[in-house]
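In: pasting the sequence and the predicted model now:
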Amino acid sequence: MPQPNLLLGVNIDHVVTLRQARYRTMLASPNAEPSVLAAALEAEKAGAHSITVHLRADRRHIQDADVWLLRKHIGTKLNLEMGNTQEILAIALDVRPDFVCMVPENREEVTTEGGLDVAGQREALQSTVKALSANGSRVSMFIDPDLNQVRASAEIGAAMIELHTGTFANHTGVELEAEVRRLSAAAELGHALGLQINAGHGLTTKNLPDLWTVPHLAELNIGHHIVSRSLFVGLRTAVQEMLAVMASYRD
């Protein structure tokens, strides 16, 4: 089967958000649902190319056991999002996910609100990237489409960048056009520096076509829209709808 132009990583954090709303202190209960593994397997059956989860320091949704369960049972790639802390790094080195995406974390935020300041945390991040890469994980930096952050990501040894599309997703008109130009410039520079170009945050089946002028996109990581849509059509259909829109991307 030919490789599609654009791959899809399905983030299932918010499936677990629903579980934690009732079973945060009763995860051993036979009634603890929905199942993170069942969600991952449904996404895989629909054609997802990787499964993304964010193991936060405060464990607000994904738990350590969830990461191990997915590592053992999914058939596609595991993408672990993580903040740069020694505790989570130790877990990542033990689990050995296929991909690791370094993200900023703020305990007050509802979800990740912006890109990582790679240029300002170069030394600490470089050490983490080196350890993860030597352990077999391909490492990505989740960054705003800022050229300095792209250069810094390449300089510390990251294999990939994931461009933060939250600003793109929340604007229209002139502001949207300006953000698409920023994303395109960042993608062009990253590609020239040998980085794989991924993107994610706030992406939906409706706004994706506005992203298609951005070159060199390899993979999108999408969670909230897919999980939200799944309430009405089921997770497998929600993933398939997203893949159908993504099939129109041409680099």
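Out: Received, thanks.
In: confirm that Leu176 sits in a helix.
Out: Yes: under DSSP: H, G, I helix; E, B strand; the rest coil, Leu176 falls within a helix.
In: remind me which residues of the stretch 1-150 of the chain are low pLDDT?
Out: 1-3, 107-113 (pLDDT under 70).
In: how about the strands in it?
Out: 7-11, 50-54, 77-82, 99-102, 138-143 (DSSP state E, counting those that start in this stretch).
In: in JSON lines, list the ones you listed along with mean neighbour count.
Out: Bear in mind the C-beta positions are built from the backbone N, C-alpha and C, glycine included. Listed next are those as JSON lines, based on neighbours: other Cβ atoms under 10 Å:
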{"stretch": "strand 7-11", "mean neighbour count": "24"}
{"stretch": "strand 50-54", "mean neighbour count": "26"}
{"stretch": "strand 77-82", "mean neighbour count": "24"}
{"stretch": "strand 99-102", "mean neighbour count": "26"}
{"stretch": "strand 138-143", "mean neighbour count": "25"}
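In: make a markdown table from those and add distance to Met246 to it.
Out: Output for those, formatted as a markdown table (distance: least, Cβ to Cβ, whole Å):
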| stretch | distance to Met246 |
| --- | --- |
| strand 7-11 | 6 |
| strand 50-54 | 13 |
| strand 77-82 | 17 |
| strand 99-102 | 18 |
| strand 138-143 | 19 |
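In: which of those strands sits closest to Ser29?
Out: Comparison of these against Ser29 by Cβ to Cβ identifies strand 50-54 as nearest, at 20.9 Å.
In: for that closest one, enumerate the helices and strands it packs against.
Out: strand 7-11, helix 13-23, helix 36-46, helix 64-73, strand 77-82 (3 or more Cβ pairs under 8 Å, 6 or more residues apart in numbering; DSSP states H and E).
In: could you measure from the closest residue to Ile156 other than its chain neighbours over to Leu41?
Out: Once flanking residues are discounted, Ile156 sits nearest to Gln126: 4.0 Å by Cβ to Cβ, 6 or more residues apart in numbering. Going from Gln126 to Leu41 by Cβ to Cβ, to the nearest Å gives 36 Å.
In: ok, Gln63 next?
Out: 18 Å.
In: follow-up on the earlier one: looking at Gln126 and Leu41, which is more packed in?
Out: In this view Gln126 and Leu41 are compared by other Cβ atoms under 10 Å, and Leu41 has more residues nearby, 20 against 16.
In: isn't the more buried one right next to Ile74, touching?
Out: Yes: look at Leu41 against Ile74 with Cβ atoms under 8 Å: they come within range, at 7.1 Å.
In: tally of neighbours for Gly200?
Out: Neighbour number of Gly200 under other Cβ under 10 Å is 23.
In: show me what it bridges to in the sheet.
Out: His164, Asn221 (DSSP bridges).
In: so it touches His224, yeah?
Out: No: using Cβ under 8 Å, Gly200 makes no contact with His224, being 10.2 Å away.
In: overlap in contacts, those two.
Out: Asn11 (Cβ atoms under 8 Å, 6 or more residues apart in numbering).
In: wait, which of the strands of the stretch 1-150 of the chain is closest to Glu33?
Out: From those, taking Cβ to Cβ, the stretch that ends up closest is strand 50-54, at 16.9 Å.
In: that closest one - which strands sit beside it in the sheet, and in what orientation?
Out: Short version: by DSSP bridges, strand 50-54 pairs with strand 7-11 (parallel), strand 77-82 (parallel).
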